[in-house]
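A.B. asks: Sequence below, structure please.
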Amino acid sequence: MYRLLFLTFFVYSCVFAQPKLFRFLDGATNTPLQDADVYTDSVFVGAANYNGNIKIDASGKYNSVIISHVNYYRRIIPKDSLAIKKVFKVTKRDNVLDEVVVDSRADKDSTTLPYTNFSFGMKIASPVEASAGDKITALKFRVTNAHGVKGLNFLPFKANVYALDSITKLPGKPLLPQDIVVENKNGATWATKDISKYHIKVPRQGACVVFIIPGLESLDEGFYKTFTVMSKVGAISAVPYLKLERGSHKNSGFIYDSFIDMNTGITSPQIWKRIKGARYIMDVEIEKTRK
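C.D. replies: All right, here's what the predicted structure looks like:
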């Protein structure tokens, strides 16, 4: 009797643990979304085939399925939706890429396309416009909503100040002993944080203020309450955003994330890249050095 029950449970488990076939389509044309990268949270599953199909373990231990393609908005599908639907549509972007694409023929440390979708584990930095030796007394972030979703500008995030590397001129060593939490509970235009107690001074090589979205572990820690939220472009990460300033700017910013090489299709690990022709709006308050 017990052997029969065990066998029945084993067969049942095997059947329902098998990966199921899902399909991803262009939201406007209903054509297959070929070569879209599919992740369960941060774990790479594979690329959709020429029919837009891929097998996913719908019973695995993860929160969401993430669909990423260089020409489409990144779509985040809550795991519960996999039990309801097998076909999902992804929205194509108009002249803007969801992911930063690096032209290997250009400067290897720079990218011309800024992010418009923020996600867990990202860092964004802007140079501090101050002289060496000036004391940084406060950090300021121009928080905003995105894709028609309200309330993102109320969400907390973390921040730090990094010295610029004297050789690469990219963000280098953190100047604060640890990342600090910034909250914008009142939904003000600027989220600010007093750091005068740390007595941080701008080093000779320069510094940058860094906006940090914690990784997925922040959900388990209770830092964020929700993984995704529905927007006019589909599901997006429920994280705060920064206002973007386009156009030529002598002090363009930096992005820390993974990047796709347009020529090889290879995705890099998370690294810092310069943004050409744009910056996310962050600022500092300083106390000038007396001379």
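A.B. asks: use CA for all of it now, contacts and neighbours both
C.D. replies: Will do.
A.B. asks: What segments of the stretch 151-291 of the chain are helices?
C.D. replies: 217-220 (DSSP state H, counting those that start in this stretch).
A.B. asks: pLDDT below threshold where in it?
C.D. replies: Scanning the stretch 151-291 of the chain for pLDDT under 70 picks out 247-251, 259-268, 289-291.
A.B. asks: try 80 this time
C.D. replies: Applying pLDDT under 80 to the stretch 151-291 of the chain flags the ranges 187, 232-235, 246-252, 258-269, 276-278, 288-291.
A.B. asks: Now do residue 54 against residue 21, distance only.
C.D. replies: For residue 54, the distance to residue 21 equals 6 Å [Cα to Cα, to the nearest Å].
A.B. asks: err, residue 200, not the other one
C.D. replies: Distance from residue 200 to residue 21, by Cα to Cα: 54 Å.
A.B. asks: how far does stretch 49-59 sit from the chain's center?
C.D. replies: Distance of stretch 49-59 from the chain centroid (Cα atoms, centre = their mean, to the nearest Å) equals 24 Å.
A.B. asks: Determine how far the last residue of it lies from the first.
C.D. replies: 22 Å.
A.B. asks: Comparing residue 54 and residue 21, which shows the higher neighbour count?
C.D. replies: residue 54 (22 against 13; other Cα atoms under 10 Å).
A.B. asks: residues contacting that one?
C.D. replies: Listed by Cα atoms under 8 Å, 6 or more residues apart in numbering, the contact partners of residue 54 are 21, 22, 23, 46, 47, 48.
A.B. asks: ok, residue 130 touching residue 201?
C.D. replies: No - assessed by Cα atoms under 8 Å, residue 130 is found out of contact with residue 201, at 9.7 Å.
A.B. asks: Counting neighbours, go ahead and name the busier of those two.
C.D. replies: Neighbour count, other Cα under 10 Å: between residue 130 and residue 201, residue 201 has more, with 24 against 19.
A.B. asks: Name the nearest residue to the more buried one, ignoring sequence neighbours.
C.D. replies: Nearest non-adjacent residue to residue 201, counting by Cα to Cα, 6 or more residues apart in numbering: residue 135, 4.3 Å away.
A.B. asks: Next, work out how far apart that neighbour and residue 287 are.
C.D. replies: In terms of Cα to Cα, residue 135 sits 5 Å off from residue 287.
A.B. asks: Tell me which of those two has more neighbours.
C.D. replies: residue 135 (22 against 14).
A.B. asks: Skipping its backbone neighbours, what lies nearest residue 159 in space?
C.D. replies: Residue 159 sits nearest to residue 211 (Cα to Cα, 6+ apart), 4.9 Å away.
A.B. asks: how near is the one you found to residue 86?
C.D. replies: 37 Å.
A.B. asks: For those two, indicate the residue with more neighbours.
C.D. replies: Between residue 211 and residue 86, counting by other Cα under 10 Å, residue 211 is the more crowded of the two (27 against 13).
A.B. asks: and the more buried one, bridged to which residues?
C.D. replies: residue 124, residue 159 (DSSP bridges).
A.B. asks: heads up, I number from 422, so please use that
C.D. replies: Sounds good: first residue 422 from here, last item residue 632.
A.B. asks: That one reaches residue 583, doesn't it?
C.D. replies: No - using Cα under 8 Å, residue 632 is not in contact with residue 583, being 10.6 Å away.
A.B. asks: Setting aside sequence-adjacent positions, which residue approaches the residue positioned nearest the centre of the chain most closely?
C.D. replies: Central residue of the chain (Cα atoms, centre = their mean): residue 540, 2.7 Å from the mean position. Spatial nearest neighbour of residue 540, excluding adjacent residues (Cα to Cα, 6+ apart): residue 658 at 5.5 Å.
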